[in-house]
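Q: next come a sequence and a model predicted from it.
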Amino acid sequence: MLMEENFWTAHFTINYYLQFKYLDYEKYSTPFICLHCLLVLRQTNLNAVHTWAYQLQNINPSAIAADTSFKLVIIDYSTDGTDDMKFSSTQISDIKNFGKKAISYISIGEAEDYRTYWQSAWSSNPPAWLGVENPDWPGNYKVKYWDAQWQGTIFGYIDTIVAQGFDGIYLDIIDAYYYWQTTTPFQPDADSLMIDFVLKIRNHVNQQTGNNNFIIIPQNGEDIISGAHVNTNLRNQFFAAINAVGIEDIFFPGSNAMDNSYAPDTYRLNTLATFLQNQIPIFSIEYLSDNNKIDQYKSAASAYHFVAYACTRNLDQLCSGISLGINKEETIDLQVSPNPFSSNFFIKAAVPNQPLLVQIVNSAGENIFSELTSTTAITVNLESFSAGLYLVRISNGEKSVLKKLIKQ
């Protein structure tokens, strides 16, 4: 019998069972089981990280090292973005010696004119891979990131970061694929080409470090896994290559630089549920200063098991990490009925006045339902889904419970 002790263990147990019972393993095209091994091995270096910080300007390595409110920090590799002012290996070691993961920011989807790699001649005679300037971020330029010359530039940049002693890299402008594929249609398979670039980066750092412990965290662009040219095999390779995902503005999106209204982006949240399903942590940042909104953010992030951080959008100061207690996995009073069910079932949880995250996974390990609700009772309709085994998980961030359901 499937034990109701751990959601993800249960998820993978179902997949193991289905593959060995119903599939010819030798002919199975997607190496799921090996991928699972990679996911488990990859995930170990971030399992204990439940707090983080993110600062790109006015960076003080000593202050970062001394701050005990977070266990992972994203910073630039340099005080001014150039090799001349890069942080020393001693400074990075000091951060790590205080028990923190030190991750370097790097933009792979845009070129920045203050970086060492930038050549002044490009302003009048740009290389073929250099695109237009980003109107929202002067000095940042779109790049054809699939170009070998640009990729070589990034690999050299990464080599510097590795030599400094950073634990990993934080890849920004993953969503550049959308610009080249949709906003300014030029490259039809820009989605798969971006994932291919990330896979090349993983291969490069593995070769440089001699192991697969180097952390890779892409920021935003999570919808790339649903891209028209991204098949299941490529998506699984992407999952295996990364250690987490960084996400901005998912609960408080809007046009203001700070303190937008609470309006969770349900489409993005549903996409991110697939990452969580594949044991990929979500590092969430909201640009907030209002304490009431920060408290609201904590509740929402806790319910989704995101690792939360709130600070200024300029990322020019070090804000305190947010501890949500998301590592807790305690039993809560939950009623699910009827079970077995035919079309609808009713969920009731004894956790009043707290947001609840309801997730349902089918026997193929696919997330088919994800909803953040403020009520303690909801009805779920699975009439259009086939009969079989389903798993429902209810969480309020501090406590969670897993139940097995049978659809007749």
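A: That came in fine, so what should we check first?
Q: helices of this structure, residue ranges please.
A: For the chain, the helices defined by DSSP state H occupy 7-22, 32-43, 61-66, 89-97, 148-164, 176-178, 190-209, 232-241, 266-277, 291-303.
Q: now these in a markdown table, with mean neighbour count, mean pLDDT and distance to Val336?
A: Placement of C-beta: from N, CA and C, glycine included. Below are these laid out as a markdown table (neighbours: other C-beta atoms under 10 Å; pLDDT from 0 to 100; distance: least, C-beta to C-beta, whole Å):
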| stretch | mean neighbour count | mean pLDDT | distance to Val336 |
| --- | --- | --- | --- |
| helix 7-22 | 15 | 35 | 15 |
| helix 32-43 | 16 | 40 | 28 |
| helix 61-66 | 15 | 96 | 45 |
| helix 89-97 | 16 | 97 | 45 |
| helix 148-164 | 17 | 98 | 48 |
| helix 176-178 | 23 | 98 | 39 |
| helix 190-209 | 19 | 97 | 37 |
| helix 232-241 | 18 | 93 | 29 |
| helix 266-277 | 18 | 89 | 19 |
| helix 291-303 | 18 | 92 | 18 |
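Q: which among those is found nearest to Leu334?
A: helix 7-22 (13.1 Å; C-beta to C-beta).
Q: where does the chain dip in pLDDT?
A: 1-45, 47, 325-333, 350-355, 363-365, 374-375, 396-400 (pLDDT under 70).
Q: stretch 262-281: how far from the chain's middle?
A: Mean C-alpha position of stretch 262-281 versus that of the full chain (C-alpha atoms, centre = their mean, to the nearest Å) differs by 9 Å.
Q: mind putting the helices of the chain into JSON lines with distance to Ser255?
A: As requested, those are exported to JSON lines (distance: least, C-beta to C-beta, whole Å):
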{"stretch": "helix 7-22", "distance to Ser255": "37"}
{"stretch": "helix 32-43", "distance to Ser255": "36"}
{"stretch": "helix 61-66", "distance to Ser255": "31"}
{"stretch": "helix 89-97", "distance to Ser255": "35"}
{"stretch": "helix 148-164", "distance to Ser255": "31"}
{"stretch": "helix 176-178", "distance to Ser255": "19"}
{"stretch": "helix 190-209", "distance to Ser255": "26"}
{"stretch": "helix 232-241", "distance to Ser255": "31"}
{"stretch": "helix 266-277", "distance to Ser255": "17"}
{"stretch": "helix 291-303", "distance to Ser255": "16"}
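Q: now stretch 78-85: buried residues?
A: 78-79, 81 (16 or more other C-beta atoms under 10 Å).
Q: ok, and what's touching stretch 221-232?
A: 30, 173-178, 181, 188-189, 191-192, 194-195, 235, 238-239, 245, 247, 268, 271-272, 274-275 (C-beta atoms under 8 Å, 6 or more residues apart in numbering).
Q: buried sites along that stretch?
A: For stretch 221-232, burial by neighbour count (16+ other C-beta under 10 Å) applies to 221-225, 227, 229-230.
Q: surely Asp316 is in contact with Gln55?
A: Yes - between Asp316 and Gln55 there is a contact under C-beta atoms under 8 Å: 7.4 Å.
Q: quick one, which of the two is more surrounded?
A: Neighbours around Asp316 and Gln55, counted as other C-beta atoms under 10 Å, are more numerous at Gln55. The numbers are 22 against 12.
Q: confirm for me that the more buried one is in contact with Ser320.
A: No - with contact defined as C-beta under 8 Å, Gln55 and Ser320 do not form a contacting pair (11.8 Å).
Q: now flag whichever of the buried residues of stretch 78-85 is closest to Ile294.
A: Thr79 (28.6 Å).
Q: that closest one and Tyr309, how far apart?
A: Look at Thr79 and Tyr309: by C-beta to C-beta, to the nearest Å, they are 22 Å apart.
Q: over to Arg115?
A: Using C-beta to C-beta, Arg115 is found at 25 Å from Tyr309.
Q: who has more neighbours out of the two?
A: Neighbours were counted for Arg115 and for Tyr309 using other C-beta under 10 Å; Tyr309 has more, 26 against 17.
Q: hmm, the more buried one is touching Tyr54, no?
A: Yes - in this structure Tyr309 lies within contact range of Tyr54 using C-beta under 8 Å: 5.9 Å.
Q: shared neighbours of these two, anything?
A: Counting by C-beta under 8 Å, 6+ apart, the residues touching both Tyr309 and Tyr54 are Ile285.
Q: report the central residue of this protein.
A: Closest to where the C-alpha atoms of the chain average out (C-alpha atoms, centre = their mean) is Val245, at 1.5 Å.
Q: show me the beta-bridge partners of that residue.
A: Legend: beta-bridge partners of Val245 under DSSP bridges are Ile282.
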